[in-house]
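K.L.:
Need coordinates for the below:
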Amino acid sequence: MSSQPNSYTDSNSQYTGGAMPIPQNQPEQHHHQQHSAAAGADTGYRRAEDPARQSLLNVRAEVAKAVVGQDPTVTGMLIALLCGGHVLLEGVPGVAKTLLVRALSKALSLDTKRVQFTPDLMPGDVTGSLVYDSHSFEFTFREGPVFTNIMLADEINRTPPKTQASLLEAMEERQVSVDGVSRPLPVPFIVAATQNPVEYEGTYPLPEAQLDRFLLKLTMPLPGRTEEIEVIRRHANGFDPKDLPAAGVRPVAGASDLSTAQAAVAQVAVAPELLGYIVDIVRATRSAPSFQLGVSPRGATALLNTAKAWAWLSGRTFVTPDDVKALSLPCLRHRVGLRPEAQMDGIHVDDVLGSILASVPVPR
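P.N.:
Numbering: from 1, shown residues only. The predicted structure follows:
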């Protein structure tokens, strides 16, 4: 689904319909502080030197050594890791989707594996399978590439539904079942799946049930002129995308930082008025004339969790309406379906969601 820019201004930056705004190291004061149930005499902001938060924010600087101009997408990936959710990356070939995931994994000291999804890929090629050992005369389990921290499922819509479905248990249950035995996946574990937004010949569109398993859908746009000049300048100076250490990318955070951050995100306060605001947005998608499919309660929960993660990354201990707005498009755009007549009229999903956000009353 293509998107058109819709701008919203939050306390730190402007969101223009791509991934989401970028958190700054020093949060500004915000006029919605009264929505924090936990603020009390405190301002509601965490100390800027919060080690876990600072480590995760430093990840962006490390990834930027290899990838130019995709900070919002990196932020989206961090939010997904904080929420334990999966990401659907949409962008034309050549915008550094694979490089971004590799650089992010390097900066976070996490393992990553890439699977090229093709029409002949079998479920066992992803999850692993039983292999006969001629020495022990027994069948042993050989782990598939899903046994990693960040699995890059490249062009996931190019493989048949049977292989696509092999990821469902891994995505939902964090385990793989083979021959009646369930095997847990590493922690953390997320799937970063890519798909081409313009080429549909020979593809198998993901069904709604599987799309709903993705926490966020992030769009990776083509770089601007200045950014593209920087890309080719780096290559002219010898940049090798396969050699991240040579580019200066180093580990600045790890699984322990993510675990600490996840515990902190769970403590972020959400006022009752904001719970109602999230539900009103979701319910509005179900009655929108242009949509034949609205957002499910799972989508409302996803919007809540991602808004909490974004608030924590922004240095606050409470969620504001701007946090909800900032995450609404990447969190909801893949959970709705346009009516055929709306598609024929050239209406875009992000346009409809933008109208909904503009019409739903904001808590004061």
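K.L.:
the helices in the stretch 1-150 of the chain, which residues?
P.N.:
Secondary structure of the stretch 1-150 of the chain, counting by DSSP state H, counting those that start in this stretch: helices at 51-64, 71-83, 97-107, 123-127.
K.L.:
got the contact list for the last one?
P.N.:
With Cβ atoms under 8 Å, 6 or more residues apart in numbering as the test, helix 123-127 has contacts from 115, 144-146, 162-163, 165-167, 170, 176, 178. Just so you know, the C-beta spots here come from the backbone N, C-alpha and C atoms, and that holds for glycine as well.
K.L.:
now swap in the third one and tell me
P.N.:
Under the criterion Cβ under 8 Å, 6+ apart, residues 58-59, 62-63, 65-67, 70, 73-74, 77, 89, 91, 110-112, 114, 149-150, 152, 154, 192, 194, 220, 241, 244, 249-253 lie in contact with helix 97-107.
K.L.:
For ChimeraX, what selects the buried ones among the residues you listed?
P.N.:
The ChimeraX command for the buried members of the contacts of helix 97-107 (criterion: 16 or more other Cβ atoms under 10 Å) is given here:
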select :58,59,62,63,65,66,67,70,73,74,77,89,91,110,112,114,149,150,152,154,192,194,220,244,249,252,253
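K.L.:
Among the contacts of helix 97-107, name the ones in strands.
P.N.:
Among the contacts of helix 97-107, DSSP state E puts 89, 112, 114, 150, 152, 154, 192, 194 in strands.
K.L.:
what's the spacing between the residue most central in space within the chain and Leu185?
P.N.:
By Cα atoms, centre = their mean, the chain has its centre lying nearest to Val87, at 3.7 Å. Between Val87 and Leu185 the computed distance is 16 Å (Cβ to Cβ, to the nearest Å).
K.L.:
backbone phi and psi for Arg174, please?
P.N.:
Per-residue torsions, Arg174: phi 60, psi 40 (degrees, to the nearest 10).
K.L.:
which ones are touching the spatially closest residue to it that is not a sequence neighbour?
P.N.:
The shortest distance from Arg174 to any non-neighbouring residue, by Cβ to Cβ, 6 or more residues apart in numbering, is to Leu185 (5.0 Å). If you count contacts by Cβ under 8 Å, 6+ apart, Leu185 has them with 146-147, 170, 174-176.
K.L.:
Quick check: of those, which has the highest neighbour count?
P.N.:
Using other Cβ atoms under 10 Å as the neighbour criterion, Val146 leads the contacts of Leu185 with 25 neighbours.
K.L.:
my guess is that one meets Arg114, correct?
P.N.:
No - assessed by Cβ atoms under 8 Å, Val146 is found out of contact with Arg114, at 11.6 Å.
K.L.:
Would you mind naming the helix or strand containing Ser177?
P.N.:
strand 175-178 (DSSP states H and E).
K.L.:
Heading C-terminal from that strand, find the next helix or strand.
P.N.:
Sequence-wise, the next helix or strand downstream of strand 175-178 (DSSP H and E) is strand 181-184.
K.L.:
for that next one, packing partners?
P.N.:
Where contact means 3 or more Cβ pairs under 8 Å, 6 or more residues apart in numbering; DSSP states H and E, strand 181-184 is packed against strand 138-143, strand 175-178.
K.L.:
OK, contacts around the closest residue to Pro251 other than its chain neighbours?
P.N.:
In space, and not counting its chain neighbours, Pro251 is closest to Ser109: 4.2 Å by Cβ to Cβ, 6+ apart. Neighbour list for Ser109: 251, 253-255 [criterion: Cβ under 8 Å, 6+ apart].
K.L.:
who touches stretch 150-167?
P.N.:
The contact list for stretch 150-167 (Cβ under 8 Å, 6+ apart) reads 97-98, 101, 104-105, 110-119, 121-123, 125-127, 145-146, 189-196, 202-207, 210.
K.L.:
let's go with 7 Å and repeat that
P.N.:
Outside of stretch 150-167, the residues within contact range by Cβ atoms under 7 Å, 6 or more residues apart in numbering are 98, 101, 105, 110, 112-119, 121-123, 126-127, 145, 190-196, 202-206, 210.
K.L.:
Can you flag the buried ones in the residues you listed?
P.N.:
Neighbour counting over these (16+ other Cβ under 10 Å) leaves 98, 101, 105, 110, 112-115, 117, 121, 123, 126-127, 145, 190-195, 203-204, 206, 210 as the buried ones.
K.L.:
Having no further points to raise, I will conclude here.
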